[in-house]
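[1] Sharing a model prediction with you, sequence too.
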Amino acid sequence: MDSLSSRNHSKYGLQPRLNHDLPTLFAWLQGNGLTYNGERFDRPSNASLLGPEELDNNLAFAQATGRHASQPLTSEELKKLKDSFKDVSPGVSQEALWGAVLDASSSIRSLSWQKLPAEAMAFYRPFHLPPVDQWGIYLLIEPLLNYHNELLRLSQPLRLFSAETLMHLIVFEIFNHEFFHHLVESTATTLELILATQGQPQPVYLRHWHQQANNHFEHPHAPLEEALANAYAYNALGFISRMKVGCKTASVKAYQQAIIEHWHSEPAGYRDAKHYKGGGYIDGGTQLLAQLLDQPSIAEQVPISIIAKHVMPTGFSALMAKPYIPTWLVGSPEQLKIFNQLVPAPNEAYTQLFWPYNTDAIDTYIAKKKEEEKARKAALKAAQTQSKQQTDLWDE
Ligand SMILES: [Zn+2]
């Protein structure tokens, strides 16, 4: 655009004075009293839910322990990584994985997993709680490694997961759970902006934060946001399992089944995720929107479910996309080293479940089994049709 037309652009008000970047937004939120400006915001030591009661307490925040930003790899780095793993196959049983494709529930039946809530290993720090240079997703490497160790020990006899593939699945699930908290904050922020234009500014996010911690709405699945975050992570895994059937989709199928069967061991809210998996996310999003608006029964009069289905909180309404949301790995250099050996490309792992291992042989095996199964079913159907035709003939 040349300078003359650019001048005209702003002269006629086509270019808003306030920019659409996040620093402008954060300053506006703070300037309008929509943020919590307490001294501290800390993670509770018992890994329970973050709530207002945790503010201003005496716990140390992650910042001091050294946090490492997780960035996407360049295409060159990714290529190099794939190259270095081109002869490394994940140590899993192709027969066990095929069993999971056939019947995921039976394949994990003997697993007794004390599933922990995502917040035992990670948390989301909202930008409504300044200082804003600390907002984002924090993945706590030590608890992640401990949890992984325990689940690996329990699941080893199933031969469905290797140490590496299991950590990829765990970190994908945990990140996506935390990302949902960002979707909720993005949605609350959108509502705050819209309400402000109507001369009725409301602290939508902070109000929600307090109401949720006090179970203000007495929702049967409170805290609803945690149930929805768990369902979101489950559904995100579901998108992966729609890819061509092979090693990864089979691993995802088994892991998803294990999640469903072990949600019950998680705290209130988290354990109610089953109501909101698959298409249930629309009902859940509608209830959450109604809570954010402080109108819990508004969906009876206004079809806000249309917003929940198409606008927010859906993945597209996030203010920051998954690979670019500030994400911090928190741990000692030794812990980070172990984690990186398990997950060589963390950002790609938690956003797309990318892993660099060569799964060609397992993929081919599963595809072949799938063809055989298809042929077996077709033959069975043909035989049934033929026997039915013969019965019909005899009846005539
Ligand atoms: Zn959560």
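    In hand now; what should we look at?
[2] and the residue of the stretch 251-396 of the chain nearest the ion?
    Using C-beta to the ion, the closest approach of the stretch 251-396 of the chain to the ion is made by Y270 at 7.4 Å. Heads up, the C-betas are built off the backbone N, CA and C, glycines and all.
[3] and the stretch 201-350 of the chain, which residues reach the ion?
    E226, A229 (C-beta under 5 Å from the ion).
[4] Run through the strands of the stretch 201-350 of the chain in chain order.
    327-330 (DSSP state E, counting those that start in this stretch).
[5] Start from the N-terminal end of it and give the helices.
    204-213, 224-240, 247-262, 281-292, 305-310, 333-342, 346-352 (DSSP state H, counting those that start in this stretch).
[6] what helices or strands is the first one leaning on?
    Going back to what we said before, that points to helix 204-213. Other helices and strands packing on helix 204-213, by 3 or more C-beta pairs under 8 Å, 6 or more residues apart in numbering; DSSP states H and E, are helix 163-197, helix 281-292.
[7] Please identify the buried residues of the first one?
    Buried residues in helix 163-197, counted by 16 or more other C-beta atoms under 10 Å: 164-193.
[8] where does the residue nearest to E173 when sequence neighbours are not counted land on pLDDT?
    Leaving aside its chain neighbours, E173 sits nearest to A233 (4.7 Å; criterion: C-beta to C-beta, 6 or more residues apart in numbering). pLDDT, A233: 97.
[9] Next, the contact list for A233, please.
    The contact partners of A233, taken as C-beta atoms under 8 Å, 6 or more residues apart in numbering, are A118, F172, E173, I174, N176, H177, F180.
[10] What is the burial count for the first one?
    Same thing as A118. 25 (other C-beta atoms under 10 Å).
[11] Distance of the nearest residue to it once chain neighbours are set aside relative to I137?
    In this structure, A118 finds its nearest non-sequential neighbour in H177, 3.8 Å apart by C-beta to C-beta, 6+ apart. According to C-beta to C-beta, to the nearest Å, H177 and I137 sit 10 Å apart.
[12] May I have the predicted confidence score for the residue nearest to A118?
    With respect to pLDDT, H177 has a value of 97.
[13] Look up how far A233 lies from it.
    H177 is 4 Å from A233, by C-beta to C-beta.
[14] Need the overlap of contacts for the two.
    A118.
[15] what about the residue lying closest to L329 once chain neighbours are set aside, which SS state?
    Residue nearest to L329 in three dimensions, not counting chain neighbours: H68, with 4.6 Å by C-beta to C-beta, 6+ apart. Using DSSP: H, G, I helix; E, B strand; the rest coil, the structure places H68 in strand.
[16] What residues does H68 make contact with?
    Counting by C-beta under 8 Å, 6+ apart, H68 has contacts W328, L329, V330, L336.
[17] Same question for Q202.
    Contacts of Q202 by C-beta under 8 Å, 6+ apart are L191, E192, L195, D294.
[18] Quick check: the second one touching P201?
    Yes - distance between E192 and P201: 7.0 Å, which falls inside the contact criterion (C-beta atoms under 8 Å).
[19] which residues do these two both contact?
    L34.
[20] coming back round to it: the residue nearest to A118 and I170: what is the separation?
    11 Å.
[21] hang on, the earlier thing: please report how far the residue nearest to E173 lies from K274.
    In terms of C-beta to C-beta, A233 sits 13 Å off from K274.
[22] confidence score at the residue nearest to N340 when sequence neighbours are not counted?
    Using C-beta to C-beta, 6+ apart and skipping the chain neighbours, the partner closest in space to N340 is P346 (7.4 Å). P346 is assigned 97 on the pLDDT scale.
[23] Quick one: residues contacting P346.
    S70, L139, V171, L329, F339, N340.
[24] ok, 10 Å please
    68, 70-73, 139, 167-168, 171, 175, 327, 329, 336, 339-340, 354 (C-beta atoms under 10 Å, 6 or more residues apart in numbering).
[25] again, but for L195
    P201, Q202, P203, V204, L293.
[26] switch to 6 Å and redo it
    Listed by C-beta atoms under 6 Å, 6 or more residues apart in numbering, the contact set of L195 reads Q202.
[27] how near is it to the ion?
    Going from L195 to the ion by C-beta to the ion, to the nearest Å gives 25 Å.
[28] what's the spacing between that residue and D294?
    Where D294 is concerned, L195 sits at a distance of 11 Å (C-beta to C-beta).
[29] re earlier: hang on, the residue nearest to A118 packs against A229?
    Yes - between H177 and A229 a contact is recorded at 4.6 Å, counting by C-beta atoms under 6 Å.
[30] ok now do the residue most central in space within the chain, which residues does it touch?
    Geometric centre of the chain, nearest residue: N176, 1.5 Å, by C-alpha atoms, centre = their mean. Contact analysis of N176 by C-beta under 6 Å, 6+ apart lists A233, A236.
[31] cutoff 10 Å now
    118, 137, 229-230, 232-237, 239, 315, 322, 350-351, 353.
[32] for those residues, which one is nearest G246?
    Nearest to G246, judged by C-beta to C-beta, of the contacts of N176 is L353 at 12.5 Å.
[33] and that closest one, what does it touch?
    165, 168-169, 171-173, 176, 236-237, 239-241, 243, 248, 251-252.
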